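Undergrad: Turn this into a structure:
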Amino acid sequence: MGVFSVELLYALPIILTPFTFGFIIGYTSPALPYYEDKWNISSIQSTFFNAITALFACVGPYLTTFLLKFFGRRVVIVIIDIINIISWACLFALSKKIFWFGIIIRALQGIILGACTAIGPLYLVEITPPSYVEFYGTLNQLCIVIGIVILYIIGQYYHPWVLHILAIVTSVIQITFIWFVPETSPLYDKTASSTEKESSDEDKGDIKESIFDKAYIKKVFIMIAVMASQQLSGANAMITNLSSLFESAHVPHPSGLAAAITMFAQALACIAAAAITGKIKRRIMWLMSTITCFISLFVYALNQKFNWSSTLSIVLQFLYQFGFGIALSPMPWYSSPEMFPPALRPMASSINSMTSWLCAFIIIFVYPQMKDHIGDFGAFLIFSADALFAIIFGSIVINEPSKDDENLDDNNDNIDNKSR
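TA: Predicted coordinates for the structure are as follows:
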């Protein structure tokens, strides 16, 4: 079975979930400067409009976990899409007088964002042939980046309401085509045999053993630390402020296009990562990624301090995004849940997502204050220190999946194939 199998067709509707992720997380970079110029909103309003999404994204994974107790993967995705459509439609009413309403809607979109991080990668992994987990995990990140790039390009030339339409249409398309994707749990598959359903019930019962049992607590710690190292390198602070970063660096190009070109580096990295997956060990990929991020962040800090070159700012951001996309961005999403038995993976995915968004909120909220008090030089030195930690910690804990994990995935894949 190759990469271009029927599972790839099943993945197409699912990957619209990371597109939704990209639209939500990337929205403020082109839209917020527009609102600031048009309505002269306060800095505290801007900060909350930008950061509150990440804070409420911490809740989203648990919404997904709750819904999965009652519904299958497809129904949960449709519920998330309907809420997403409503949220983007509400932003059409945004004005200076009710800008607080926009902050509330961005909080709602944060819940959607967190829900997407829990259901998207999980569903992709479940339909994936065991030997192509890394490829499909990279596909998730690639679609996030493409969504952000599309948003940046459109936002450079058009009113934010065009972005609202794009996000709504994407959810409508997913609602239409997600029904062609098979359910991955026999519990919700009407064609599954009673034996398979009993097996699924037993798996659900295994959750009572708890992910926080002594046997798993070390793995939980590793999962949280790896995800924290991803976010504390400042990725989301840069993504949500990339246009402003280039404006402050006096980049002689339209800031929106410069931001899109820079984010495109992550897309190239995802393609490169997919090409070398299985050929290079995960630890080597992790080191390639984190060392690239460390060097680019450290030199960027020096460039901000000594004003060497505005063009160098683009090159370094491009280099950072490329390094980030190789492993630091996608690997925590697909490798961490693999450490746990299938019955515990939904909760592991939720904890992973909550960690991601809590750290993202801290960075996005604190970054403007860091910029005011220690400047971009100090802020990027801190980000580079986190990348250095990721190099050291990852070199110790990042390993290839064990044979036991592969056997668990093989067994699940066999059950899934029967249910189809």
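
Undergrad: correct me, but C293 touches Q317?
TA: No - proximity of C293 to Q317 does not meet the contact threshold set by CB atoms under 8 Å, at 11.2 Å. Using the backbone N, CA and C atoms, a C-beta is placed for each residue, glycine as well.

Undergrad: need the longest helix for the chain.
TA: Among the elements of the chain assigned as helix by DSSP state H, the one spanning the most residues is helix 345-397.

Undergrad: if we can go back for a sec, higher neighbour count, C293 and Q317?
TA: Each of C293 and Q317 had its neighbours counted (other CB atoms under 10 Å), and the higher figure belongs to C293 (31 against 25).

Undergrad: show me the contacts for the more buried one.
TA: Counting by CB atoms under 8 Å, 6 or more residues apart in numbering, C293 touches S233, Y320, G323, F324, L328, A387, A390.

Undergrad: picking that back up, looking at the longest helix of the chain now, give me its mean pLDDT.
TA: Average pLDDT, helix 345-397: 87.

Undergrad: same deal with stretch 120-138?
TA: Averaged across stretch 120-138, the pLDDT comes to 74.

Undergrad: same thing with stretch 313-326?
TA: pLDDT averaged over stretch 313-326 gives 86.

Undergrad: will you turn the contacts of C293 into a markdown table that also has secondary structure and neighbour count?
TA: What follows is the contacts of C293, written out as a markdown table (DSSP: H, G, I helix; E, B strand; the rest coil; neighbours: other CB atoms under 10 Å):
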| residue | secondary structure | neighbour count |
| --- | --- | --- |
| S233 | coil | 31 |
| Y320 | helix | 30 |
| G323 | helix | 26 |
| F324 | helix | 29 |
| L328 | helix | 28 |
| A387 | helix | 27 |
| A390 | helix | 27 |
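
Undergrad: could the residues you listed be laid out in a markdown table, adding distance to V162?
TA: As requested, these are exported to a markdown table (distance: CB to CB, whole Å):
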| residue | distance to V162 |
| --- | --- |
| S233 | 31 |
| Y320 | 29 |
| G323 | 32 |
| F324 | 28 |
| L328 | 32 |
| A387 | 35 |
| A390 | 37 |
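
Undergrad: Show me which of these is closest to V145.
TA: F324 (9.7 Å; CB to CB).

Undergrad: so what's the closest one up against?
TA: Here F324 is in contact with S233, A235, Q266, A269, S289, C293 (criterion: CB under 8 Å, 6+ apart).

Undergrad: what about 10 Å?
TA: By CB atoms under 10 Å, 6 or more residues apart in numbering, the residues touching F324 are 141, 145, 230, 233-235, 238-239, 265-266, 269, 289-290, 292-293, 296-297, 330, 387.

Undergrad: tell me the domain ranges of the chain?
TA: Under the TED database, the residue ranges defining each domain of the chain are 7-182, 212-402.

Undergrad: ok, of these, where does mean pLDDT dip lowest?
TA: In terms of average pLDDT, domain 212-402 trails the rest of the domains of the chain, at a mean of 82.

Undergrad: roughly how far is it from the heart of the chain?
TA: Taking the mean of its C-alpha atoms, domain 212-402 sits 11 Å from the chain's own mean (CA atoms, centre = their mean, to the nearest Å).

Undergrad: Now the residue most central in space within the chain. Nearest residue, chain neighbours left out?
TA: Of all residues in the chain, the one closest to the mean position by CA atoms, centre = their mean is T117, 6.0 Å from it. The shortest distance from T117 to any residue that is not its chain neighbour, by CB to CB, 6 or more residues apart in numbering, is 4.1 Å, and that residue is S353.

Undergrad: Kindly report the same for F264.
TA: Using CB to CB, 6+ apart and skipping the chain neighbours, the partner closest in space to F264 is V149 (5.5 Å).

Undergrad: so what's the one you found up against?
TA: Residues in contact with V149, defined by CB under 10 Å, 6+ apart, are G22, G26, A259, A260, I261, T262, M263, F264, A265, Q266, A267.

Undergrad: quick one: what helix or strand has it in it?
TA: Assigned by DSSP states H and E, V149 belongs to helix 133-157.

Undergrad: buried ones in the helix or strand following that helix?
TA: Scanning forward in sequence from helix 133-157 by DSSP H and E, the next helix or strand is helix 160-177. By neighbour count with 16 or more other CB atoms under 10 Å, helix 160-177 contains the buried residues P160, L163, H164, L166, A167, I168, T170, S171, Q174, I175.

Undergrad: for stretch 141-158, same thing?
TA: Residues 141-156 are the ones in stretch 141-158 that count as buried (16+ other CB under 10 Å).

Undergrad: what about L328, distance to A107?
TA: 27 Å (CB to CB, to the nearest Å).

Undergrad: One more: Y157?
TA: Counting by CB to CB - Y157 and A107 are separated by 28 Å.

Undergrad: Could you do I144 as well?
TA: Taking CB to CB as the measure, I144 falls 20 Å from A107.

Undergrad: Tell me the one among the contacts of C293 nearest to W88.
TA: Comparing these against W88 with CB to CB picks out F324 as the nearest, at 27.0 Å.

Undergrad: that older thread, which ones among the contacts of V149 lie within helices?
TA: Counted as lying in helices by DSSP H, out of those, are G22, G26, A259, A260, I261, T262, M263, F264, A265, Q266, A267.

Undergrad: got the CA positions of the strand or helix carrying Y216 in CSV?
TA: Using DSSP H and E, Y216 sits in helix 214-231. What follows is helix 214-231, C-alpha atoms only, in CSV (Å, rounded to 0.1, in the frame of the first residue of the first chain):
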residue,chain,number,x,y,z
LYS,A,214,2.2,5.7,37.1
ALA,A,215,2.8,3.7,33.9
TYR,A,216,2.1,6.8,31.8
ILE,A,217,3.1,9.8,33.9
LYS,A,218,6.6,10.0,32.5
LYS,A,219,5.2,10.0,28.9
VAL,A,220,2.7,12.7,29.8
PHE,A,221,5.5,14.9,31.1
ILE,A,222,7.6,14.3,28.0
MET,A,223,4.5,15.1,25.8
ILE,A,224,3.9,18.4,27.6
ALA,A,225,7.5,19.4,27.6
VAL,A,226,7.9,18.7,23.9
MET,A,227,4.8,20.7,23.0
ALA,A,228,5.8,23.6,25.3
SER,A,229,9.2,23.8,23.6
GLN,A,230,7.4,24.1,20.3
GLN,A,231,5.2,27.0,21.4
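
Undergrad: list the helices and strands it packs on?
TA: Contacts defined by 3 or more CB pairs under 10 Å, 6 or more residues apart in numbering; DSSP states H and E place helix 214-231 against helix 282-306, helix 331-335, helix 345-397.

Undergrad: Before I go, just wanted to say thanks for your time.
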